[in-house]
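Participant: Predicted coordinates and the sequence they were generated for:
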2 protein chains.
Amino acid sequence: MSAKLKDEPLYKALASELKNGILTGRLKNGERLPSKRAMSSEKQLSLITVQNAYELLCAEGYLKSEERRGYFVSYSGKLMSDDIPPVKLPDTSKPRYDFKSSSTAAEGFPFYTWTRIMRETLSEKDTRLLAAIDPKGVYELRREISKRLAITRGIYCSPEQIIIGAGSEYLVGLVYQLLGRHSYAFENPGFTKAAKIYQRLGASLDFIATDSEGIRTDLISANKSLEVVHVTPSHSFPLGTVMSPQRRFELLEWVSDAPERRIVEDDFDSEFRYDGHSYPSLYSLDKSDSVIYMNTFTRTLAPSMRIGYMVLPPKLLAKFEQSFMFYSSTVPALEQYVLARFIADGSFERHINRMRKIYRSRRDTLIDALNAEFGGKIDILGKEAGVHLLIRLHGDLNESDIIDRAKNAGILLSGISEFTPEGSGDIIFSNALVINFAGISDSDIKAAVKLLANII
Amino acid sequence: MSAKLKDEPLYKALASELKNGILTGRLKNGERLPSKRAMSSEKQLSLITVQNAYELLCAEGYLKSEERRGYFVSYSGKLMSDDIPPVKLPDTSKPRYDFKSSSTAAEGFPFYTWTRIMRETLSEKDTRLLAAIDPKGVYELRREISKRLAITRGIYCSPEQIIIGAGSEYLVGLVYQLLGRHSYAFENPGFTKAAKIYQRLGASLDFIATDSEGIRTDLISANKSLEVVHVTPSHSFPLGTVMSPQRRFELLEWVSDAPERRIVEDDFDSEFRYDGHSYPSLYSLDKSDSVIYMNTFTRTLAPSMRIGYMVLPPKLLAKFEQSFMFYSSTVPALEQYVLARFIADGSFERHINRMRKIYRSRRDTLIDALNAEFGGKIDILGKEAGVHLLIRLHGDLNESDIIDRAKNAGILLSGISEFTPEGSGDIIFSNALVINFAGISDSDIKAAVKLLANII
């Protein structure tokens, strides 16, 4: 019986078997058990073994013994049922074309390389794989990240400044605790999930209109109470705008104007750039030590691989090391060591380049198909980078209307309104669709856009 | 050059090479670049390629061109250094005998089985390994946990009630957000790390004295403001007491007395029981739907494997499904699928039994050695279960004094005072050592205790 622990004495095995019977409801509350003698002969166990089992269960409150009447079940707690629901089959109501969920091109994932490196790492049976991890994360990984950041983002930081975490959602929570600030500015429209996390933790958010140059720095300066600005300068979500150099400098001026101000630079979408310029990161330009840089491997590897990181400026690092080192790292050691090697041996860069090709082709297919089907009735925005773009709808085309009809036809789309908080200030425009094309093949993209055109 | 992206046009490659030079400080701010002609011949690139590279860098603000004078570096941002500190060698200041850090017996970890299952899982190249995970965690794992809980802890719950998270620390944060309560009761002495997390998130904690029967329910009832009680009934840390049936019922009475009250049952240490009784879990006894059950695989597998879970009572499940499903699962899909198989095929139970033997033997060795060396001068408490025990010191033996001397001799120990918050109510006793023996071999245990006796 699976509940029997191999190294248990017999009386314990019998006790847990009976307990199991009681908990499954096979032995009802108040029910009389077989006499010790009867049980011992039935189970081929010594009388004393049965005696011990019964007494253990009495002590644990599952049985009670009554003078000259015997032992009775005395358990009225929750019962466990025998039938546990079967594993759900893959959701069949899944839409044919999902342009909503953030996914990646699974076929692009380097399974072979990843598995090989994982095997190598495991085969070392290195006890470091089992020991507790540095609260900041595995050093080798932080080192590889710091090297890469210097080259790709002009961010010079030591591995000591890097904190690994289970996705940027977790890191956002950590940032909130670290900054201990309460008045946040957030892009509008913006990545509402991060906003939700700040709010749930107690922050008050001010949603700042974002236009074709990025977040409106004039509106930030206008609100004196703001302490922290959370922005996505490389490729904002959902607008897909790249923050202009002008705005970058204005934002950095704002942060340097008062010592308590901070910027959280969420660079989640900086790896996939197809055309246009990539400007230096805010972190690399900041001289006031007030920018936290944040990025994730969720986009570049897979959503199921929960690895993100942030770079703390020296000023904040000290505070982190004082008060936050008691937190355990939230990412398994194995993943961290494997990713470190994956970056070190160049596999990551090769992967990024392969993915960029895949995504660029998907983007081009999407744009061509959209132009062919919807011609002058739409504008396509934010297509220079990332794995989503924005379709601004003209005249008779209506956002919620299209989303509903598409859904019925098996096409899942998001509207810009989803990312525009209720009652938030005027935004640059509404009536637009957000298209995440990462997870959809070229042929499916063509088919979906055609289908979309037909139903409208 | 590693910054070169293989699929970049030449001018971009040159631009990023120059950018790299600027960021590393090899090209100083204000420095004049070679003329386009000079550069094109030096690099064997067409004039137009160099022209494009220079113009890109001007647009990005790294260069500025001056009429008839040429191109100059105009970057004064942070510089990246070439020498990034080397990977730290395994800390050599590591104590010879560490009875403080929570670790596991690494030699007991089933590397072979784990690797095999991981290989099998990976070899399927199942796209489920890459797709976003159910916010509650992988269903197969939740299902295996629910089956096991029914048998081992008398907890009957559906997989829907189980939330997987990156360790119990993460789950504690989630619980705090879910309950939205602010007045917590916490064991004193207790597992101060969890207490810190509640406090950092904004909870006010009341540290309740814990005695040989568990947390003092009379003190809980006395404080009418308390809303949530966080307890470790199976084997409290650090006292190692098992909460008595009496206290369990009193605690459940307390929670059922008012609708807003909740209990968090942290069962982190329930798997390793050597003697004495195991009582039904609070969750299994509760009829008021007010107990959250929490456990982790950190103790049973490895600290580096960040997998914990909690069971929400139906009442709270509804709230979670309404407001918390936007959080991504914090544990990589691969780990979750592997662990699910590891449990399903019986490997986990075999592993637990093997570890129980190892830990029992370590515990016995430790107790024998302690009795031999310190005879009547100490009491040993909380030895019935878990991987730590408590040494209460008599008369002339002083906690901090022993800890200091031991440290100098290479033995790392904790004192009970570490787990007793400042200014907290009277506790059952002080002057005691907390010994975590999980990670130390029998022979090292003997040697360490002998050494300890000599230096005192």
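Facilitator: Perfect, thanks for sending it. Numbering: from 1, shown residues only, chains lettered A, B, ... in the order given.
Participant: which parts of stretch A:447-456 are buried?
Facilitator: By 16 or more other Cβ atoms under 10 Å in any protein chain shown, the buried positions in stretch A:447-456 come out as A:447-449, A:451-452, A:456. For the C-beta atoms, the positions are set from N, CA and C on the backbone; glycine is no exception.
Participant: now stretch A:153-173
Facilitator: A:153-157, A:159-173.
Participant: I'd like the average pLDDT over it.
Facilitator: When pLDDT is averaged over stretch A:153-173, the result is 91.
Participant: Dump that stretch to CSV, restricted to CA.
Facilitator: What follows is stretch A:153-173, C-alpha atoms only, in CSV (Å, rounded to 0.1, in the frame of the first residue of the first chain):
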residue,chain,number,x,y,z
ARG,A,153,23.4,47.8,-24.1
GLY,A,154,26.4,49.9,-23.2
ILE,A,155,25.7,48.9,-19.6
TYR,A,156,28.8,48.5,-17.6
CYS,A,157,28.1,46.8,-14.3
SER,A,158,29.8,44.3,-12.1
PRO,A,159,28.1,40.9,-11.6
GLU,A,160,27.6,42.0,-8.0
GLN,A,161,25.0,44.5,-9.2
ILE,A,162,22.9,41.9,-10.9
ILE,A,163,20.0,40.1,-9.3
ILE,A,164,18.5,37.0,-10.9
GLY,A,165,14.8,36.4,-10.3
ALA,A,166,11.9,34.2,-11.4
GLY,A,167,10.7,36.5,-14.2
SER,A,168,10.3,40.2,-14.2
GLU,A,169,7.0,40.0,-12.3
TYR,A,170,8.9,38.7,-9.3
LEU,A,171,11.5,41.4,-9.8
VAL,A,172,8.9,44.2,-10.0
GLY,A,173,7.8,43.1,-6.5
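Participant: near chain B at all, that stretch?
Facilitator: Yes - judged by Cβ under 8 Å from any Cβ of the partner chain, stretch A:153-173 and chain B are in contact via A:154-156, A:158-159, A:166-167, A:169-170, A:173.
Participant: could you dump these to JSON lines with secondary structure?
Facilitator: Output for those, formatted as JSON lines (DSSP: H, G, I helix; E, B strand; the rest coil):
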{"residue": "A:154", "secondary structure": "coil"}
{"residue": "A:155", "secondary structure": "coil"}
{"residue": "A:156", "secondary structure": "coil"}
{"residue": "A:158", "secondary structure": "coil"}
{"residue": "A:159", "secondary structure": "helix"}
{"residue": "A:166", "secondary structure": "coil"}
{"residue": "A:167", "secondary structure": "helix"}
{"residue": "A:169", "secondary structure": "helix"}
{"residue": "A:170", "secondary structure": "helix"}
{"residue": "A:173", "secondary structure": "helix"}
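Participant: Kindly tell me how buried the residue lying closest to residue A:382 once chain neighbours are set aside is, as a neighbour count.
Facilitator: The shortest distance from residue A:382 to any residue other than its chain neighbours is 1.5 Å, reached at residue A:240 (Cβ to Cβ, 6 or more residues apart in numbering or on different chains). Residues near residue A:240, counting by other Cβ atoms under 10 Å in any protein chain shown, number 21.
Participant: Ok, residue A:276 next?
Facilitator: Neighbours of residue A:276 (other Cβ under 10 Å): 12.
Participant: how close does the closest residue to residue A:428 other than its chain neighbours sit to residue A:227?
Facilitator: Leaving out its chain neighbours, the residue that sits closest to residue A:428 by Cβ to Cβ, 6+ apart is residue A:211, at 4.6 Å. Distance of residue A:211 to residue A:227, given as Cβ to Cβ, to the nearest Å: 23 Å.
Participant: out of the two, which sits in the more crowded spot?
Facilitator: Per other Cβ under 10 Å, whichever of residue A:211 and residue A:227 has more neighbours is residue A:227, with 17 against 14.
Participant: Work out for me the element the residue in the stretch 351-456 of chain A that chain B sits nearest to sits within.
Facilitator: Closest contact between the stretch 351-456 of chain A and chain B, by Cβ to the nearest Cβ, is at residue A:353 (5.0 Å). Element membership for residue A:353, per DSSP states H and E: helix A:347-374.
Participant: buried ones in the helix or strand just after that helix?
Facilitator: Next along the chain after helix A:347-374, taking DSSP H and E as the criterion, comes strand A:378-381. Neighbour counts using 16+ other Cβ under 10 Å place A:378, A:380-381 of strand A:378-381 among the buried residues.
Participant: export stretch A:138-149 as CSV, just CAs?
Facilitator: Taking Å, rounded to 0.1, in the frame of the first residue of the first chain, the C-alpha atoms of stretch A:138-149 are listed here in CSV:
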residue,chain,number,x,y,z
VAL,A,138,24.4,32.0,-9.6
TYR,A,139,27.6,34.0,-10.0
GLU,A,140,28.5,32.5,-13.4
LEU,A,141,25.2,33.6,-14.9
ARG,A,142,25.4,37.1,-13.5
ARG,A,143,28.9,37.3,-14.9
GLU,A,144,27.8,36.3,-18.4
ILE,A,145,24.9,38.8,-18.2
SER,A,146,27.2,41.6,-17.2
LYS,A,147,29.6,40.9,-20.1
ARG,A,148,26.7,40.8,-22.5
LEU,A,149,25.1,43.9,-21.2
